[in-house]
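1. what would the 3D arrangement of this be:
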Amino acid sequence: MGDRPLGRAAGLVVDSIGDELLVYDTESRRAHSLNTLAAAVWRACDGQRDVDQLAELTGFDRNAVELALNNLADVALISGYQTSGISRRVVLRRLSLTAAGLAVGLPVIRSITAPTAAMAYPAKGGDCTSQDCGPGSFCDEASSCHAGSALAMGATCVFGAGTCNFGSYCNATSLKCTPVP
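-> Predicted structure coming up:
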């Protein structure tokens, strides 16, 4: 009977870019870029076809399809497939023996881990250029991130404490947060 891989659908955001796919896994927060071969194999994984049937359907060499399935399983985009252990080197060697193999190439999946929202902000104590320090912190007039809430313009402040909103400072005379001139 053999393995009949099923392409995962839950928890994925998929966008086509030409013949390639960008697949964002919301569970692992990883983004995967699938080249034409890997994308075609993933799209064909309906849980009903084995490796030979997938190769026939996609028109790609069986070895290239097998390598694509291994790669897709490694990044958890398919289930119901036991990886075969076939290497890129073996597939490349086999494909290079045929003229058609040279045009096919190898399946490629490039993956990155997407940053969390907190990673988008400068670290506390780090340099900032606007109110971009993130939740629970603020950018002071010296362009450093600090924990806590910044005071709004016009609020009473303590001179030298650096607690006014970005673009304002604590006026030593009025002890009010004043816009930077």
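2. state the next helix or strand along the chain beyond the lowest-mean-pLDDT helix or strand in the chain.
-> Least confident helix or strand of the chain, by mean pLDDT, DSSP states H and E, is helix 99-104 with a mean of 45. Downstream of helix 99-104, the next assigned helix or strand under DSSP states H and E is strand 109-113.
3. which other helices and strands does that next one contact?
-> strand 30-34, helix 62-74 (3 or more C-beta pairs under 8 Å, 6 or more residues apart in numbering; DSSP states H and E). (C-beta placed from N, C-alpha, C; glycine too.)
4. winner for burial among those?
-> helix 62-74 (a mean of 23; mean count of other C-beta atoms under 10 Å).
5. now that one against strand 30-34, angle please.
-> 170 degrees (axes from the mean of the first three to the mean of the last three C-alpha atoms, to 10 degrees).
6. mind listing the strands the next helix or strand after helix 62-74 pairs with, and their directions?
-> Sequence-wise, the next helix or strand downstream of helix 62-74 (DSSP H and E) is strand 78-79. Strand 78-79 has the following strand partners under DSSP bridges: strand 6-7 (antiparallel).
7. which intervals of the protein have sub-threshold pLDDT?
-> By pLDDT under 70, the low-scoring segments of the chain are 1-2, 85-106, 114-150, 158-163, 165-167, 181.
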